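Q: Need the 3D shape of this:
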Amino acid sequence: MKILLVHNQYRQPGGEDVAFEQERQLLQRAGHEVVIYHRSNAEIDDNFTAAKLVLVKKIVWATDTHRDFTSLLHREKPQLVHIHNTFVMVSPAVYLACEYANIPVIQTLHNYRLICPAASLFRDGKICEECIDHSLLRGVWHGCYRDSRLATSAVALMLAIHRRRHTWDEKVRAYVALTEFARSKFIQGGLPTEKIFVKPNFVDPDPGVRSAPGRYAVFAGRLSEEKRVCTLLSAWARLRSPIPLVIVGDGPERVKLEQQAQHLGLTHVTFLGRLMRPETLAMVRNSWLLLLPSECYENFPLTIAEAFACGVPVICSRLGAMAEVVDDGRTGLHATAGDPDDLAEKLEWAWAHPAQMEAMGKEARREYEAKYTAARNYEILKDLYEHVAGSANGAGAKAGPPTEPKPAGVPVPASVSTPASVPTPASALLAHSRLRRGQDLAGKAWMYLLTALQEPLQVFRLPGLFVRRVHIGEFLKLNKMWLKNSGVKTVIDVGAHSGEFSTAIQAVIPDIQLYAFEPLPDCCTELRNKLASRNGHLKVFQAAVGDEHKSVQFWRSSFSKASSVLRMSDLHQSAFPWSADNRPITVEQVTLDECVDKMKLESKVLLKIDVQGYEDRVLNGAVQLLSQVHYVLVEVSIGTLYEGQAQFQTVYGNLIRQGFCYVGNLEQLVSPVDGLILQVDALFARA
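A: Sure, this is the predicted structure:
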């Protein structure tokens, strides 16, 4: 089988990189043709602010990755793509490329990134599942990623956009969780249950079992807060027995831990720093036992499997995946996480019972031979590859579980979607539409971020506004000093949709009188629900707006914001294919002039028009009203997006004749096909 492996390496090498490299070698030894797509976060230039801003966009959608990866798929034509990590440089762009090429995707879940911006489910020294139980905004508020709200916002934005686009549940054929515990967390976080398989990491080559138990305990890992080596040192200070401890590894906590050991007078503790992997394995193999006092869930600590391979028992926290992998009393012992007294008690018992600990070491070796060898791992991986590739081949291929018994711990869904091996025109069109929509959302996210950074303090308002269902993009566009100081008291929102503009402008100017017009019944209902709890004088008219009162045929788009009295043009459908499905309905149309008596127009008045090409008809039916209006904000087209629509010049001329002057544009819409400007949000003010 020809397999394309994808991996984004972090700046500091870690267990994910070891697992990726071992799996690559395993597949090549088994005779598979392996192609590698590899990026590294070492490519990131932290020296320039502009580079950091570009990086935020890459987190959501890396255009260069999509281009290069699409070319690689076309050139190599793999049967399957196996993704290990996409953060940061690879980005989720690879999923869309695979979907468009109709190549099935498997992803290994090495960390909790898809359900936690920090990827660890750990915050402020304790387990945190707030982003699972509530929303990603909790992570933004706490600044979980790199202790930065801005950095966390970028990660949360990536997750939110691709959740909404169903990237994680539709574009990945199968996920590989490393433990049953991790699988349960990803299911809790919303990934499809039937798509998550369990395959642990493995140790290769076999380091060999120790000849006899050593006379020291060892910790091997990164010296960071969640590993809780500080708890280990506190436990050592409580020991009555002179047990030597060797700490292998480096990290941000090292200096602090060395100072703690010195303060406690721990003469039996030695810090060796970072060692090469063979040297680390040698230290583990010659040890008495391995210690893992983490207070985070972990995912699959490779050091446990390495200790088992060496015949070394493990004392770990009774928490998460660690408690699953280490069988208490058989392959090691469990201690209460964060409790140095309990850990010291387990250590004293282990030191006093060498025969029992040696027996646990032998059981640990048997556990390795049963679950964590390269040969056993390949059996699981091969079955999973065949199942996924078979389900993608359609007729004549395996669409259900393989006829051979499945390895324990690797659930196979009763059914997996089976797209044809050659995309039909309809499926290709759908994939193309999703790709364009992804690019459009990524572009908007980038624009919103740049807008937010113009006034950084407003970022702190965003979580509260999100909870209040205020459209963040519209708020960022409108939250300007000129508007706050404009003296606007009344806003008329024509083409209000579900309240994106209405809720945003009320967040900027809280005490306005608001009148909203929207013809679509479901959008009108949602609009009323959003506005119901807000202060001020609010009224919603369920009607289209034009130049005469009558019933009109209204074209409802699959993307409801693109709906219009006018039929959508080919230009619109090709530039924004996700909006191309349109069906006619009948709605009531009114004029603004006939509604003037139903509105209390307190000066100053802002008229916003967003009616998809029908702007000239709205203005023609608002001659009386316009004499009382001070500002007009109108979305107007440069290209022909709707049949028979007004162009910018027509709308411009109409408003100039009514006594307005053109001020400029608040925003513009460009074609994702060629970058041409298609629409602008033009602002006119009373001259």
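Q: Can you find the helix or strand of this protein with the lowest average pLDDT?
A: When each helix and strand of the chain is scored by mean pLDDT, DSSP states H and E, helix 425-454 comes last, with a mean of 54.
Q: how about the following helix or strand past that one as CSV, C-alpha atoms only?
A: Next helix or strand after helix 425-454 toward the C-terminus (DSSP states H and E): helix 462-467. What follows is helix 462-467 as a C-alpha-only set of coordinates in CSV (Å, rounded to 0.1, in the frame of the first residue of the first chain):
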residue,chain,number,x,y,z
LEU,A,462,-15.5,39.5,22.8
PRO,A,463,-16.2,36.5,25.1
GLY,A,464,-19.1,38.3,26.8
LEU,A,465,-20.4,39.5,23.4
PHE,A,466,-20.2,35.9,22.1
VAL,A,467,-22.3,34.7,25.0
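Q: Quick one: list the elements packing against helix 462-467.
A: Counting contacts by 3 or more C-beta pairs under 8 Å, 6 or more residues apart in numbering; DSSP states H and E, helix 462-467 packs against helix 137-142, helix 472-478. Yep, even glycine has a C-beta here, placed from its N, CA and C like the rest.
Q: Please state the offset of stretch 34-48 from the chain centre?
A: 19 Å (C-alpha atoms, centre = their mean, to the nearest Å).
Q: Pull out the buried residues from that stretch.
A: 34, 35, 37, 39, 41 (16 or more other C-beta atoms under 10 Å).
Q: re the thing from before, save the helices and strands packed on helix 462-467 as JSON lines, and put in mean neighbour count, distance to residue 368 and mean pLDDT too.
A: Listed next are these as JSON lines, based on neighbours: other C-beta atoms under 10 Å; distance: least, C-beta to C-beta, whole Å; pLDDT from 0 to 100:
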{"stretch": "helix 137-142", "mean neighbour count": "21", "distance to residue 368": "36", "mean pLDDT": "91"}
{"stretch": "helix 472-478", "mean neighbour count": "21", "distance to residue 368": "50", "mean pLDDT": "83"}
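Q: Could I get the ones you listed in JSON lines, plus columns for distance to residue 105?
A: Listed next are these as JSON lines, based on distance: least, C-beta to C-beta, whole Å:
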{"stretch": "helix 137-142", "distance to residue 105": "26"}
{"stretch": "helix 472-478", "distance to residue 105": "30"}
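Q: Out of these, the one nearest residue 125 is which?
A: Nearest to residue 125 among the helices and strands packed on helix 462-467 is helix 137-142; the distance by C-beta to C-beta comes to 12.5 Å.
Q: what packs against that closest one?
A: Looks like helix 137-142 contacts helix 130-133, helix 149-164, helix 462-467 (3+ C-beta pairs under 8 Å, 6+ apart).
Q: Tell me where the model's unsure across the stretch 301-450 of the chain.
A: Along the stretch 301-450 of the chain, the model assigns pLDDT under 70 to residues 392-450.
Q: Let me see the ranges of the strands in it.
A: 314-317, 332-335 (DSSP state E, counting those that start in this stretch).
Q: Keeping just the C-alphas, turn the last one into CSV.
A: In other words, strand 332-335. Extracted C-alpha coordinates of strand 332-335, given in CSV (Å, rounded to 0.1, in the frame of the first residue of the first chain):
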residue,chain,number,x,y,z
GLY,A,332,3.3,-1.4,39.1
LEU,A,333,1.6,0.7,41.7
HIS,A,334,-0.9,3.6,41.7
ALA,A,335,-0.5,6.7,44.0
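Q: For that strand, which helices and strands make contact with it?
A: By 3+ C-beta pairs under 8 Å, 6+ apart, strand 332-335 packs against strand 314-317, helix 340-352, helix 354-371.
Q: which of those sits most buried?
A: strand 314-317 (a mean of 26; mean count of other C-beta atoms under 10 Å).
Q: May I have the residues that are in contact with the nearest residue to residue 326 once chain neighbours are set aside?
A: Leaving aside its chain neighbours, residue 326 sits nearest to residue 332 (4.4 Å; criterion: C-beta to C-beta, 6 or more residues apart in numbering). Going by C-beta atoms under 8 Å, 6 or more residues apart in numbering, residue 332 touches 289, 313, 314, 315, 316, 326, 360, 364.
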